[in-house]
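Chemist: Make a model of this:
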Amino acid sequence: MLREHRELRSIDRSWQSQFIRENFLLIGYHTLRGVATSDKGITVCIVDIPPTNFKPSFHIWQFRTQFISAEFASTYLLEMGISSRQIPSLVQAINSYDPQQEIILAMNTDQNIEIYYLQNLKISPTECYKQVCDRWDEFMPDGLPPDSLRRFIYS
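Modeler: Predicted coordinates for the structure are as follows:
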């Protein structure tokens, strides 16, 4: 159930791995925002399934993100159809990962969920957050820029 990835480049060539690679800075950004307000948890990307004629180099991903804090993770996972036998090991992983260096990511596509444990990242969630804030127009051209006084700073 929990797919471990020691290095982001080791993920196979599925559309899910392409999604993670192409949206990694935003995933890290949302992870750090969640960690700053809730401590540990799971970053969820609700992704529109790519079309059957999917071409990775030309695909624009449609997705929403949310962060589920550790205290609500088991309820969320049960609602998504994860077996109650698998929940304890997933919750243990959520409670023990290093949120400054690792990400637990749930990709929810059409009510199907896959969970990834991203480790040994080349770019930390903190750096992802900084890059997205510094290049806000590139990531959120129609959104309001983050208030610089509300930025989360981690050393």
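Chemist: Tell me which stretches of the protein form helices.
Modeler: For the chain, helices defined by DSSP state H occupy the ranges 15-22, 24-38, 70-79, 87-96, 125-134, 136-139.
Chemist: Among those, which comes closest to residue 114?
Modeler: Nearest of the helices of the chain to residue 114, taken as Cβ to Cβ: helix 15-22 at 6.4 Å. C-beta: built from backbone N, CA, C; applies to glycine.
Chemist: how much space between residue 44 and residue 138?
Modeler: As judged by Cβ to Cβ, to the nearest Å, residue 44 and residue 138 stand 23 Å apart.
Chemist: between these two, who's got more neighbours?
Modeler: Ranked by neighbour count (other Cβ atoms under 10 Å), residue 44 and residue 138 place residue 44 first, with 24 against 10.
Chemist: and that one, what does it touch?
Modeler: 65-68, 76, 105-108 (Cβ atoms under 8 Å, 6 or more residues apart in numbering).
Chemist: ok, so of these, who is nearest residue 39?
Modeler: So of these, ranked by how close each gets to residue 39 (Cβ to Cβ), first place is residue 67, at 10.6 Å.
Chemist: can you pull the contacts of that closest one?
Modeler: 30-31, 33-35, 37-38, 41-44.
Chemist: And residue 46, by the same measure?
Modeler: Per Cβ under 8 Å, 6+ apart, neighbours of residue 46: 63-66, 108-109.
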